[in-house]
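Student: just need the structure, nothing else, for what follows:
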Amino acid sequence: MSDYHIEYSPESQLNLEKIAQYYVDVLGYEQAMNLMERIFVAIDSLSFMPMRCPKVHWHSHIHKLVVPSLPYVAYFTISQNPINRVEILQIMHGSKSDAKLIEHYQGFTAF
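Tutor: Now for the predicted structure:
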């Protein structure tokens, strides 16, 4: 079984920047970086068997990863042609409604 290459969309990179800045402001730099490391470790785990994560109910090509012990969800797609890759689309707080995501990705087709 091949490993998957992880890629971050511009939107997911912006999500990560906002999450990091929020926690720097609230908890301080060191704790924010510890939290961000936990998010990256969870996302990096998608390099092996990303199909283990369920698909969202509103799109047949988008999966979600609930970050363990943190209130964040990473939304992603999986591609196996021409290379095995996972594209992180968005990273959101789990309490946020996915209504905007549903609207945003309506008509979206994976790679």
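Student: how about stretch 38-47: buried residues?
Tutor: Neighbour counts over stretch 38-47 (16 or more other CB atoms under 10 Å) mark Ile39, Ala42, Ile43, Ser45, Leu46 as buried. For every residue, glycine as well, the C-beta is placed using N, CA and C.
Student: narrow those to those in helices?
Tutor: Ile39, Ala42, Ile43 (DSSP state H).
Student: residues contacting Met92?
Tutor: Asn15, Tyr72, Val73, Tyr75, Asp98, Leu101 (CB atoms under 8 Å, 6 or more residues apart in numbering).
Student: is it fair to say it lies in a strand?
Tutor: Yes: assigned with DSSP: H, G, I helix; E, B strand; the rest coil, Met92 falls within a strand.
Student: how near is it to Tyr75?
Tutor: Met92 sits 7 Å away from Tyr75, going by CB to CB, to the nearest Å.
Student: what's the overlap in contacts for the two?
Tutor: With CB under 8 Å, 6+ apart as the test, Met92 and Tyr75 both reach Leu101.
Student: adding pLDDT and distance to Tyr23, write the buried residues of stretch 38-47 out as CSV.
Tutor: Converted to CSV, those look like this (pLDDT from 0 to 100; distance: CB to CB, whole Å):
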residue, pLDDT, distance to Tyr23
Ile39, 98, 10
Ala42, 98, 15
Ile43, 98, 16
Ser45, 98, 21
Leu46, 98, 22
